[in-house]
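> Here is my input; please provide its structure:
(2 chains)
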Number of protein chains: 2
Amino acid sequence: MTPPLKLILGTLSALALAQGAAASDLRERAQELFAPLPSTIPALNDNVITEDKIDLGKALFFDPRMSASGVFSCNSCHNLATGGDDNMETSIGHAWQKGPRNSPTVLNAVFNEAQFWDGRAADLAEQAKGPVQAGVEMANTPENVVATLMSMPQYIDWFTASFPEEENPVSFDNFAKAIEAYEATLITPSPFDAFLNGDDAALSDGQKAGLQLFIDKGCSSCHNGINLGGNGYYPFGLIEKPGADVLPPDDRGRFAVTETADDSYVFRAAPLRNIDQTAPYFHSGKVWDLKVAVQIMGTSQLGEEINDAEADQIVAFLGALTGKMPEVTYPVLPAETLLTPRPTGEVQ
Amino acid sequence: MTPPLKLILGTLSALALAQGAAASDLRERAQELFAPLPSTIPALNDNVITEDKIDLGKALFFDPRMSASGVFSCNSCHNLATGGDDNMETSIGHAWQKGPRNSPTVLNAVFNEAQFWDGRAADLAEQAKGPVQAGVEMANTPENVVATLMSMPQYIDWFTASFPEEENPVSFDNFAKAIEAYEATLITPSPFDAFLNGDDAALSDGQKAGLQLFIDKGCSSCHNGINLGGNGYYPFGLIEKPGADVLPPDDRGRFAVTETADDSYVFRAAPLRNIDQTAPYFHSGKVWDLKVAVQIMGTSQLGEEINDAEADQIVAFLGALTGKMPEVTYPVLPAETLLTPRPTGEVQ
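A predicted model of the protein is given here:
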């Protein structure tokens, strides 16, 4: 008994309609919680973005001579080839010292409300000044950065073109602003953006189910907005503290910034774009498996056992947050001159 | 008494003719000693170059996970942003150890007769295997490199496409061959090439005078061929040994390769393309000023005092060896998986 073709087609199109309706319900719900990446580079506070400034910022971002040793550039720990981070538990820096926290991705970081795991920098320009001066990272000083830049005529030209109104364009502030301008271009549109923008086919059924779970389980209470995180602070271990391996007791997070007892073990909710490119996870970098990280979050933050099948679906959804990298032409940097401060690997 | 226009024009064109004749004499002499870069990528021994292999080699060249620590890639010490080297006396490597010799540029290195300061590697594929395994550099093992590559499906696909005839394409040998294929593309045509190819205007008068001196003083006895060096071995201090700061007594150069007394303090003549981008100089990296380096060479190798004005002219000529970098699109590398060996900064 073969059913008539008309009936089959009718059933199929009803199914397609139902799936379409489900997708559009899910999209509506998602649109309330999340936002797609914009199609243009965002405007920055007090920092007009120009092509000259972007190019200068890229040169600075990739220039290892911004570190005292000449070994590390911004790109060393925020490597654009590997998801905008360095794939280590915590970064290795000057004199082989280890940084205290996992390096966060620079990709889409412009959309975070504040920078660093504890949000201690208001924006990317303020952030950029941190690692350059940190003794365990690039171990440099603002004076030495400026002296290095001033020693290379090409850099002076580039700063002059980027900050045309200023009498002394080569400054540590402008160094940071140029890097911020470049980093604002590091935006990676993903299948999830296409879905939010109306393309049902951008997510697989498994990814849609994962998105539904991500909302239903409560993940989106903290991981929402453009970056699915990066916009609020929460105690790690809200419901149940994870073990000391994952949450080392001596790093009390935002407490160091606000010195408020309530902020003990409080961290910025991690932004989740490109998360499957940026293992290991958490500020401690102690968890390498994204599925395990999802399950730890369930227990510690939501008081929810997330079972294996559910975690797999959520991980599938997180995969839809991995976006397309902008094409980056590797810069050609100015050569040092005899005036350029010499690199030193010594601990000062 | 104004001379008739015809006479002026006649004198000018005679002068131009004379200059043209001088330039063409100089070119003829230069063509006997040097050779311009070819317009195509050179063929390699036992290593067919394909686009797939070049792309794979680029990924490997920039991948810091080829080092045990995850900190260093080939590009760390042979940075394409800074003349193909690292601008340090000697490189800093694994666990902040210092390498024994100055990092040579990778640019145009395919035209060197052999690789390393002592020529101990016959070609770039053999060279590529060295730093990866050197304890003071990348501190990795062939087994760990292959395990790292095999852990990322994208790398397996890339190796399969690059070595389509082979049953086990992911091997340490093929890792080296792919890097060699990529490095063979790093060719930088310079004004000097344009001059050799017939363009009188490619060199300034000062640069032409410097070229003439470079030949007359005898520099070209050792620094000749395509790379103006890189093709022969000579004792450093042939006429007069430089001080122990420049020529440290414990590094006897090619002696370590051949164990022949004659090879004591013998090094490969440095290739000079892009030399003004790659301070500091000599295998010890102790001299930062190119002019001083030229004068030391005069005394130690030629028994010639090269005076200030002459050294300036030779340096001007050397500037004409700085070429145009190929445009390099920064690669997007595969993400690690749970099978990827974890990075370690420990000394093994």
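> helix or strand right after the helix or strand bottoming out on mean pLDDT in chain A?
Least confident element among the helices and strands of chain A, by mean pLDDT, DSSP states H and E: helix A:5-33 (a mean of 78). Sequence order places helix A:51-62 as the next helix or strand after helix A:5-33, per DSSP states H and E.
> Quick one: list the elements packing against that next one.
With contacts taken as 3 or more Cβ pairs under 8 Å, 6 or more residues apart in numbering or on different chains; DSSP states H and E, helix A:51-62 sits against helix A:74-77, helix A:153-162, helix A:172-183. C-beta here means a position set from N, CA and C on the backbone, and glycine is covered the same way.
> which residues touch it?
Residues from elsewhere that reach helix A:51-62, judged by Cβ atoms under 8 Å, 6 or more residues apart in numbering or on different chains: A:66, A:73-75, A:155, A:158-159, A:161-163, A:175, A:177-183, A:185, A:328, A:330-331, A:333, B:81.
> For that helix, output the C-alpha coordinates as CSV.
The C-alpha atoms that make up helix A:51-62 are tabulated as CSV, following Å, rounded to 0.1, in the frame of the first residue of the first chain:
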residue,chain,number,x,y,z
GLU,A,51,43.1,52.4,8.6
ASP,A,52,46.5,53.9,9.6
LYS,A,53,45.8,53.2,13.3
ILE,A,54,44.7,49.7,12.5
ASP,A,55,47.9,49.0,10.6
LEU,A,56,50.0,50.5,13.3
GLY,A,57,48.2,48.5,15.9
LYS,A,58,48.8,45.3,14.0
ALA,A,59,52.5,46.1,13.7
LEU,A,60,52.7,46.6,17.5
PHE,A,61,50.6,43.6,18.2
PHE,A,62,53.1,41.4,16.4
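> Flag every buried residue along that helix.
A:D52, A:K53, A:I54, A:D55, A:L56, A:G57, A:K58, A:A59, A:L60, A:F61, A:F62 (16 or more other Cβ atoms under 10 Å in any protein chain shown).
> and what of stretch A:96-107?
Buried, per 16+ other Cβ under 10 Å, within stretch A:96-107: A:W96, A:Q97, A:G99, A:R101, A:N102, A:S103, A:P104, A:T105, A:V106, A:L107.
> what's the answer for stretch A:24-31, then?
Quick answer for stretch A:24-31 (16+ other Cβ under 10 Å): A:L26, A:R27, A:A30.
> now stretch A:201-212
A:A202, A:L203, A:Q207, A:K208, A:A209, A:G210, A:L211, A:Q212.
> and the gap between A:N87 and chain B?
Distance of A:N87 to chain B, given as Cβ to the nearest Cβ, to the nearest Å: 6 Å.
> repeat for A:V328
4 Å.
> same question, A:L339
11 Å.
> Quick check: that residue vs A:G70, distance?
From A:L339 across to A:G70, the span is 15 Å (Cβ to Cβ, to the nearest Å).
> Looking only at neighbour counts, state which of those two leads.
A:G70 (25 against 11; other Cβ atoms under 10 Å in any protein chain shown).
> interface residues of the stretch 201-348 of chain A facing chain B?
Within the stretch 201-348 of chain A, the positions adjacent to chain B are A:276-277, A:279, A:288-289, A:325, A:327-333, A:335-336, A:338, A:342-343, A:345 by Cβ under 8 Å from any Cβ of the partner chain.
> of the residues you listed, buried ones?
Counted by 16+ other Cβ under 10 Å, those give A:276-277, A:279, A:288-289, A:325, A:328, A:330-333, A:335-336, A:343, A:345 as buried.
> Now do the helices in the stretch 101-250 of chain A.
A:124-133, A:142-150, A:153-162, A:172-183, A:191-196, A:205-216 (DSSP state H, counting those that start in this stretch).
> returning to what we had before: in PyMOL, select just the buried ones from the contacts of helix A:51-62.
Per 16+ other Cβ under 10 Å, the buried members of these correspond to this PyMOL selection:
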select buried, (chain A and resi 66+73+74+75+155+158+159+162+163+175+177+178+179+180+181+182+183+328+330+331+333) or (chain B and resi 81)
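> Can you list phi and psi of the residue in the stretch 151-300 of chain A that chain B sits nearest to for me?
Closest contact between the stretch 151-300 of chain A and chain B, by Cβ to the nearest Cβ, is at A:Q277 (4.5 Å). The phi and psi torsions at A:Q277 (degrees, to the nearest 10) take the values phi -100, psi 0.
> do the same with A:N168
phi -120, psi 80.
> any idea how far A:M150 is from it?
Taken as Cβ to Cβ, the span from A:N168 to A:M150 is 10 Å.
> Between these two, which is the more surrounded one?
A:M150 (16 against 11).
> Now that one. Nearest residue, chain neighbours left out?
A:V170 (5.5 Å; Cβ to Cβ, 6 or more residues apart in numbering or on different chains).
> While we're on the residue of the stretch 1-150 of chain A found nearest chain B, how confident is the model there?
Chain B sits closest to A:W96 of the stretch 1-150 of chain A, with a gap of 4.0 Å, by Cβ to the nearest Cβ. Looking at A:W96, its pLDDT is 97.
> was I right about it contacting B:I92?
No - using Cβ atoms under 8 Å, A:W96 is not in contact with B:I92, being 9.0 Å away.
> give the contact list for A:S300.
Counted by Cβ under 8 Å, 6+ apart, A:S300 has contacts A:F236, A:G237, A:L238, A:I239, A:E240, A:K241, A:P242.
> switch the cut-off to 6 Å
A:G237, A:E240, A:P242 (Cβ atoms under 6 Å, 6 or more residues apart in numbering or on different chains).
> now A:L80
Counted by Cβ under 6 Å, 6+ apart, A:L80 has contacts A:V328, B:Y330.
> Which residue is the nearest non-sequential neighbour of A:L203?
A:F195 (4.8 Å).
> so what's the residue of the stretch 1-150 of chain A closest to chain B closest to, chain neighbours aside?
Here the residue nearest A:W96, using Cβ to Cβ, 6+ apart, is B:W96, at 4.0 Å.
> Could you do A:V246 as well?
A:K286 (5.0 Å).
> In terms of pLDDT, where does the one you found sit?
pLDDT, read off for A:K286, is 96.
> go on, A:A261?
88.
> just the one 3 residues further on next, same as before
As predicted, A:S264 sits at a pLDDT of 89.
> Check the gap between it and B:T299 for me.
67 Å.
> Break chain A into its domains for me.
A:49-182, A:187-318 (the TED database).
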